[in-house]
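In: Mind folding the following:
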Amino acid sequence: IFRSAAQYLRRAGEDPAERGWVMLELDPLAAAGAAVNALVWELGPRAFVGCGDVLAQPDLAEDTLARARDMARHRDDVMDLIRFAIATRTTDRLLDALTSTK
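Out: Predicted coordinates for the structure are as follows:
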């Protein structure tokens, strides 16, 4: 269904990557396949895959998007820490170069 929708959008002159996609699968292997297919079909950075029973979890789509936001926040926090570590190391090296007596 998602591949057909992406093809339809492309034929209509639209880029599927400009849309948001939420794919929900019951089976973990099917969810993994959907994640790979989202890449192959070039659905873009707003394509998300959730795994669970939609009938038992009516908020699965919202939970999937919330989890994706939490992961993105965590990634950004880790990247900030890495940038800080690099800046600290660079500052330390510059200070060592300025204060060394050669």
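In: what about the strands in this protein?
Out: Counting by DSSP state E, the chain has strands at residues 21-25, 47-51.
In: So which of those strands is the most surrounded?
Out: Of the strands of the chain, the one with the most neighbours on average (mean count of other Cβ atoms under 10 Å) is strand 47-51, at a mean of 20. Using the backbone N, CA and C atoms, a C-beta is placed for each residue, glycine as well.
In: Quick check: neighbours of that one in the sheet, parallel or antiparallel?
Out: Sheet pairing of strand 47-51 (DSSP bridges) gives strand 21-25 (parallel).
In: quick one: low-confidence parts of this structure?
Out: Along the chain, segments meeting pLDDT under 70 span 102.
In: Longest helix of this protein, counting residues only.
Out: Looking across the chain with DSSP state H, the single longest helix is helix 60-99.
In: Let me know the angle separating that one from strand 47-51.
Out: Interaxial angle of helix 60-99 relative to strand 47-51 (axes from the mean of the first three to the mean of the last three Cα atoms, to 10 degrees): 120 degrees.
In: For helix 60-99, which residues meet the burial criterion?
Out: For helix 60-99, a neighbour-count test (16 or more other Cβ atoms under 10 Å) marks 60-61, 64, 68 as buried.
In: which residues does the residue nearest to P28 when sequence neighbours are not counted contact?
Out: In this structure, P28 finds its nearest non-sequential neighbour in C51, 5.4 Å apart by Cβ to Cβ, 6 or more residues apart in numbering. For C51, the contact set (Cβ atoms under 8 Å, 6 or more residues apart in numbering) comprises 24-28, 31.
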